[in-house]
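Return atomic coordinates for the entry below.
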Amino acid sequence: MTGRRRVLFASLDVPARTGSGAIVRTFHFLRGLSAKHDVDLLVLQSVHDAERQSLEQLCQRVVSLQPNAAAKGSIWSKIAKCLLFP
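Numbering: from 1, shown residues only. Model (predicted):
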């Protein structure tokens, strides 16, 4: 199969160009992935406007689960758990 695929990329932290090694590595992985595929990003934290603008240049959609929405036992928490820990 050739062509662009749709990819859901889930991350515990907000990928960024600068910061700790993990978030920078995730950002560059996401950048490489988005060069060949259509990527939707799911982040389990709040995403600030400046971060969102940077990520929207790479991704088709950026969805963040607010900390209060990811409360233990909520539907969002269950969805995130299924996506990140199959």
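
got the CA coordinates for the lengthiest helix in the chain in CSV?
For the chain, the longest helix by residue count, based on DSSP state H, is helix 21-36. C-alpha atoms of helix 21-36 as CSV (Å, rounded to 0.1, in the frame of the first residue of the first chain):
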residue,chain,number,x,y,z
GLY,A,21,15.2,15.5,26.0
ALA,A,22,12.0,13.5,25.9
ILE,A,23,9.8,16.2,24.6
VAL,A,24,12.3,17.4,22.0
ARG,A,25,12.8,13.8,20.8
THR,A,26,9.0,13.3,20.6
PHE,A,27,8.7,16.6,18.6
HIS,A,28,11.3,15.5,16.1
PHE,A,29,9.8,12.0,15.8
LEU,A,30,6.4,13.7,15.2
ARG,A,31,7.9,16.0,12.6
GLY,A,32,9.4,13.1,10.7
LEU,A,33,6.2,11.1,10.9
SER,A,34,4.1,14.0,9.6
ALA,A,35,6.4,14.4,6.6
LYS,A,36,5.0,11.2,5.2
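
how distant is it from the center of its chain?
Centroid displacement of helix 21-36 relative to its chain, using CA atoms, centre = their mean, to the nearest Å, is 10 Å.

Ok, stretch 40-49 next?
For stretch 40-49, the distance to the chain centre is 6 Å (CA atoms, centre = their mean).

Where does pLDDT dip in the protein?
Along the chain, the model assigns pLDDT under 70 to residues 1-2, 67-78, 80-86.

How are the helices of it distributed by residue range?
Along the chain, counting by DSSP H, helices occupy 21-36, 49-56, 75-84.

picking that back up, next, the buried residues of the longest helix of the chain.
Of all the residues in helix 21-36, those buried under the rule 16 or more other CB atoms under 10 Å are 23, 26, 27, 30, 31, 33, 34. Quick note: C-beta positions are derived from backbone N, CA and C, even for glycine.

before we move on, the earlier item: closest one to residue 43 among the helices of the chain?
Nearest to residue 43, of all the helices of the chain, is helix 49-56, at 8.2 Å by CB to CB.
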